[in-house]
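1. sequence unknown, structure follows:
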């Protein structure tokens, strides 16, 4: 049954997926033409960075397209798959689209980096392509995109669950926004607690040499500060977002029962 859900969701998004990949190539091609016109190959990089940044919204937007189709067809009311499988199918398909696009962007970036490195258009420590930092960039983009996507799933199910309460039905958007803002405020306050700050800093993994290293062209660059990342915040964040996903599935199951 789960394979059938995956196939259904992929068919819903397939045309958008191909259009997006064409758009990525078109943006990159525009960058090449822009750089050729000004005879400055480095001008390709802002276009690549722009494509990378688009990935922060690509995953949640793909998820929203699938959810809108679900909402329009009211499929969850007639499905026996359950909320968990329905939402997981959409997340898997959206993530596959996201990763395929990210890999294509990585390939274009590697081609450009190798050409630019040979022509000395960019600053790369040691004149070597920063593969490790590239993985970190991909990881950060994936984490950020998943953050917005899982929150989108949860708030979407909250919004539709409020349909069952006439007093709240007309102010559903207000309730959804209030939930998100309240959580952000609570999280910010908790992160200011010295005990939590100390706990988060107690487990780090070094990913580069101490100090700050930067890659790129002038202001168009990225860096790794102090050469280490904290592990506990990552674990806590993963567990929290798994909990959000499970809560969304539970709310969707309640919607099926209404």
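-> Received, thanks. The model shown is predicted, which means the values in this text are computed figures rather than measured ones. Residues are numbered from 1 along each chain as shown.
2. Stretch 230-246: how far from the chain's middle?
-> Centre-to-centre, stretch 230-246 and its host chain are 15 Å apart (CA atoms, centre = their mean, to the nearest Å).
3. Counting neighbours, which bits of that stretch end up buried?
-> 241, 244-245 (16 or more other CB atoms under 10 Å). (Each C-beta comes from the backbone N, C-alpha and C, glycine too.)
4. What of stretch 150-163?
-> Of the residues in stretch 150-163, 150-162 count as buried by neighbour count, 16+ other CB under 10 Å.
5. Make a markdown table out of those residues and add distance to residue 68 and secondary structure.
-> Compiled in a markdown table, the buried residues of stretch 150-163 are given as follows (distance: CB to CB, whole Å; DSSP: H, G, I helix; E, B strand; the rest coil):
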| residue | distance to residue 68 | secondary structure |
| --- | --- | --- |
| 150 | 17 | helix |
| 151 | 17 | helix |
| 152 | 11 | helix |
| 153 | 13 | helix |
| 154 | 16 | helix |
| 155 | 14 | helix |
| 156 | 9 | helix |
| 157 | 14 | helix |
| 158 | 16 | helix |
| 159 | 12 | helix |
| 160 | 12 | helix |
| 161 | 17 | helix |
| 162 | 18 | helix |
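6. which residues sit against stretch 99-119?
-> Here stretch 99-119 makes contact (CB atoms under 8 Å, 6 or more residues apart in numbering) with 17, 20-21, 24-25, 28, 41-42, 44-45, 48, 51-52, 55, 58, 122, 124, 127, 129, 134, 138, 141-142.
7. my guess is residue 35 meets residue 48, correct?
-> No: using CB atoms under 8 Å, residue 35 is not in contact with residue 48; the gap is 10.9 Å.
8. Please enumerate the helices of the chain.
-> For the chain, applying DSSP state H gives helices covering 2-37, 45-73, 83-118, 131-161, 166-169, 172-191, 194-200, 232-257.
9. give the contact list for residue 201.
-> So residue 201 contacts residue 230 (CB under 8 Å, 6+ apart).
10. Per-residue pLDDT of it, please?
-> pLDDT for residue 201: 82.
11. returning to that earlier point: between the buried residues of stretch 230-246, which is closest to residue 170?
-> Nearest to residue 170 among the buried residues of stretch 230-246: residue 244, at 25.3 Å, using CB to CB.
12. mind checking how far that closest one is from residue 180?
-> Note on residue 244: its distance to residue 180, by CB to CB, to the nearest Å, is 11 Å.
13. between the two, what contacts are shared?
-> residue 151.
14. before we move on, back to that, make CSV out of the buried residues of stretch 150-163 and add distance to residue 109.
-> Conversion of the buried residues of stretch 150-163 to CSV gives the following (distance: CB to CB, whole Å):
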residue, distance to residue 109
150, 27
151, 28
152, 27
153, 30
154, 32
155, 33
156, 33
157, 36
158, 38
159, 37
160, 39
161, 42
162, 43
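15. And the residues you listed, which is closest to residue 190?
-> Using CB to CB, residue 151 comes nearest to residue 190 of the buried residues of stretch 150-163, at 17.3 Å.
16. mind listing what the closest one touches?
-> Counting by CB under 8 Å, 6+ apart, residue 151 makes contact with 180, 244.
17. Next: residue 27.
-> By CB under 8 Å, 6+ apart, residue 27 lies in contact with 47, 50-51.
18. can you list these in a markdown table and add pLDDT, distance to residue 167 and neighbour count?
-> Compiled in a markdown table, the contacts of residue 27 are given as follows (pLDDT from 0 to 100; distance: CB to CB, whole Å; neighbours: other CB atoms under 10 Å):
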| residue | pLDDT | distance to residue 167 | neighbour count |
| --- | --- | --- | --- |
| 47 | 94 | 50 | 20 |
| 50 | 94 | 45 | 12 |
| 51 | 96 | 45 | 22 |
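19. which one of these sits closest to residue 69?
-> Nearest to residue 69 among the contacts of residue 27: residue 51, at 25.8 Å, using CB to CB.
20. doesn't residue 24 make contact with the closest one?
-> Yes: under the criterion of CB under 8 Å, residue 51 makes contact with residue 24 at 5.7 Å.
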